[in-house]
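Engineer: can't give you the sequence, but here's the structure:
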Ligand SMILES: Nc1ncnc2c1ncn2[C@@H]1O[C@H](COP(=O)(O)OP(=O)(O)OP(=O)(O)O)[C@@H](O)[C@H]1O
């Protein structure tokens, strides 16, 4: 490890900002010194030093719970540090609230957007602005500003659209526009790509590069090492609240992974061929309509056998989220049937389906995965607290509930102060681990997992993928919905590609990314393979 992570005053990084030694306090941008933030006895940030320079994309890398979001929340004035100092262009600043940070030129695009859903894009631009802050207090000016910034940065948004009607990727654009409209020179992106499609990720990367080239400073938090390598000028690694050094953007993914978690991580899942059993999940003619009547899932058939993992790949918004929710029963099916071990689920409540042996990891953990005010121990038995061994007659068996929590916290490496800590105060990735631990610790007939490793660090992904494979090996039918093609290829025995509410083809796990990509755009497996091999032979032709 010693040579993997250079000390903070170690050798030069590859970043543009590293070309010249930085003169003390002159144009250095943001300077954080000895920032310490405690929550009770937990030290979330431990004497952190960090410099963010104009014209750089600076990645913060660290495992779940390392303290990245806390540090950025301190910088943005959402949290106040217990110790330490922030200076902007050499001027010491204290941010008691985000407004003060915004006035100092700092903008933040959050993991969970801070927009008002029932207002339009332009109205959201005006919110929180005070008279005299750039004259954007009327709707006409706000509309014009949205159009102007949209055009300049290639962030297409309709100023009059209601935020609640916009897809997640567009809502994120609104957050970026809002920061830019506030003249932000320092932009913090906290896991912006976790909720985006691959195409939206490419677009966002381009926007970040443009902003960087204009001289703005970007802080970028992501767990996806491919993205870090593609875009970082500098990388700071944080572990257990403290900066452990800088990494080089030229380093391999496995080296970056090791720096992050402090041990070697296997980025491949070890998965042996496995004999499949009887069909355990059977979807026949499933049709689902949106509240407005649009068909989201269209007469869909799919079987998943015990002992197999089927991954649904597809661009978000093609009906896969609705399908997963319909299986657990939180979305109504218009027609068709869903059977688990031969038994129809259609008339059962979600709770009854869980009793039958369905496990469910929802896509939106904040809304559907846990109750933030409840403790870790309570959330780990959220669906089973009234059954043995956690209930004894009408009474709860607290000893069993606590014992269950202690075991799962250890096994799933959930970083929490205690088992009675509210889940809402855990880091994003650790919240996800709570949901996964709860669902994966039961013996299941069928496990449905939507975006199971969203927001989870590479070390935890290694463990969770292995757990998913062992659920398969114990005979569960596993259905995974994922937009991460690496995850799909690593886990799937079969891949079902979904497009406009239908399964456009079912292919085997070693199907190339290229063919999968074409299928995700609506092409049949046959056509996609033909086109891919034509492209390959054309390329070969060029080479020879
Ligand atoms: N409001 C809070 N109250 C108590 N503890 C908190 C609070 N916010 C964060 N923490 C704790 O501080 C630590 C750092 O959390 P933080 O969210 O900064 O991690 P992170 O590096 O962003 O992780 P992730 O990659 O999972 O998002 C965690 O142990 C978390 O539980």
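Structural biologist: Looks like it arrived, so ask away. Worth saying up front: this structure is predicted, and the values here are computed from it rather than measured.

Engineer: Ramachandran coordinates for residue 521?
Structural biologist: Phi and psi for residue 521, reported as degrees, to the nearest 10, are phi -90, psi 10.

Engineer: And the pLDDT at it?
Structural biologist: We note a pLDDT of 86 for residue 521 in this prediction.

Engineer: Equivalent analysis for residue 171, please.
Structural biologist: For residue 171, the pLDDT comes out at 89.

Engineer: what's the closest non-adjacent residue to it?
Structural biologist: Residue nearest to residue 171 in three dimensions, not counting chain neighbours: residue 113, with 5.3 Å by CB to CB, 6 or more residues apart in numbering. Every C-beta, even on glycine, is put in place using the N, C-alpha and C of the backbone.

Engineer: now that neighbour: how far from residue 190?
Structural biologist: Separation of residue 113 from residue 190 (CB to CB, to the nearest Å): 11 Å.

Engineer: what's the answer for residue 447, then?
Structural biologist: Counting by CB to CB - residue 447 and residue 190 are separated by 29 Å.

Engineer: out of these two, which sits in the busier spot?
Structural biologist: residue 447 (25 against 21; other CB atoms under 10 Å).

Engineer: So the residue nearest to the more buried one when sequence neighbours are not counted: helix, strand or coil?
Structural biologist: Once flanking residues are discounted, residue 447 sits nearest to residue 359: 4.2 Å by CB to CB, 6+ apart. Look at residue 359: counting by DSSP: H, G, I helix; E, B strand; the rest coil, its state is strand.

Engineer: and what of residue 194?
Structural biologist: helix.

Engineer: right, and it touches residue 457 too?
Structural biologist: No - with contacts counted by CB atoms under 8 Å, residue 194 stays clear of residue 457, the gap being 11.8 Å.

Engineer: and the residue nearest to residue 171, what does it touch?
Structural biologist: Going by CB atoms under 8 Å, 6 or more residues apart in numbering, residue 113 touches 171, 172, 174, 175.

Engineer: Just give me the closest of these to residue 51.
Structural biologist: Comparing the contacts of residue 113 against residue 51 with CB to CB picks out residue 175 as the nearest, at 24.9 Å.

Engineer: Do you know the pLDDT at the residue nearest in space to the middle of the chain?
Structural biologist: By CA atoms, centre = their mean, the chain has its centre lying nearest to residue 194, at 2.9 Å. As predicted, residue 194 sits at a pLDDT of 83.

Engineer: Contacts only, for it.
Structural biologist: By CB under 8 Å, 6+ apart, the contact set of residue 194 is 111, 222, 223, 454, 455.

Engineer: For ChimeraX, what selects the buried ones among the residues you listed?
Structural biologist: To isolate the buried members of the contacts of residue 194 in ChimeraX, using 16 or more other CB atoms under 10 Å:
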select :222,223,454,455
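
Engineer: could the contacts of residue 194 be laid out in JSON lines, adding distance to residue 395?
Structural biologist: Converted to JSON lines, the contacts of residue 194 look like this (distance: CB to CB, whole Å):
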{"residue": "111", "distance to residue 395": "38"}
{"residue": "222", "distance to residue 395": "46"}
{"residue": "223", "distance to residue 395": "41"}
{"residue": "454", "distance to residue 395": "36"}
{"residue": "455", "distance to residue 395": "36"}
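
Engineer: Can you tell me which of the contacts of residue 194 lies closest to residue 275?
Structural biologist: Closest to residue 275, out of all of the contacts of residue 194 and judged by CB to CB, is residue 454, at 30.7 Å.

Engineer: and the closest one, which of the three is it?
Structural biologist: coil.

Engineer: wouldn't it be in contact with residue 433 here?
Structural biologist: No - with contacts counted by CB under 8 Å, residue 454 stays clear of residue 433, the gap being 11.5 Å.

Engineer: Among the contacts of residue 113, which one has the most neighbours?
Structural biologist: residue 174 (25 neighbours).

Engineer: now for the helix or strand hosting that one, which elements pack on it?
Structural biologist: Assigned by DSSP states H and E, residue 174 belongs to helix 168-181. Counting contacts by 3 or more CB pairs under 8 Å, 6 or more residues apart in numbering; DSSP states H and E, helix 168-181 is packed against strand 106-109, helix 121-126, helix 139-153, helix 198-213.

Engineer: Would you reformat the ones you listed as CSV and include distance to residue 466?
Structural biologist: Below are those laid out as CSV (distance: least, CB to CB, whole Å):
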stretch, distance to residue 466
strand 106-109, 33
helix 121-126, 43
helix 139-153, 41
helix 198-213, 25
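
Engineer: Now render these as TSV, adding mean pLDDT and distance to residue 363.
Structural biologist: Output for those, formatted as TSV (pLDDT from 0 to 100; distance: least, CB to CB, whole Å):
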stretch	mean pLDDT	distance to residue 363
strand 106-109	94	20
helix 121-126	88	24
helix 139-153	89	28
helix 198-213	89	16
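
Engineer: Can you say which of those is packed in most?
Structural biologist: strand 106-109 (a mean of 24; mean count of other CB atoms under 10 Å).

Engineer: who touches that strand?
Structural biologist: When contacts are defined by CB under 8 Å, 6+ apart, strand 106-109 is touched by residues 30, 72, 75-77, 88, 95, 98, 101, 172, 175-176, 178-180, 182, 184-190, 192.

Engineer: Weed out the non-buried ones from the residues you listed.
Structural biologist: The neighbour-count test (16+ other CB under 10 Å) marks 30, 72, 75-77, 88, 95, 98, 101, 172, 175-176, 178-180, 182, 184-190, 192 as buried among the contacts of strand 106-109.

Engineer: Near the ligand, which residues of the protein are found?
Structural biologist: 39, 42, 44, 62, 64-70, 415, 425-430 (CB under 6 Å from any ligand atom).
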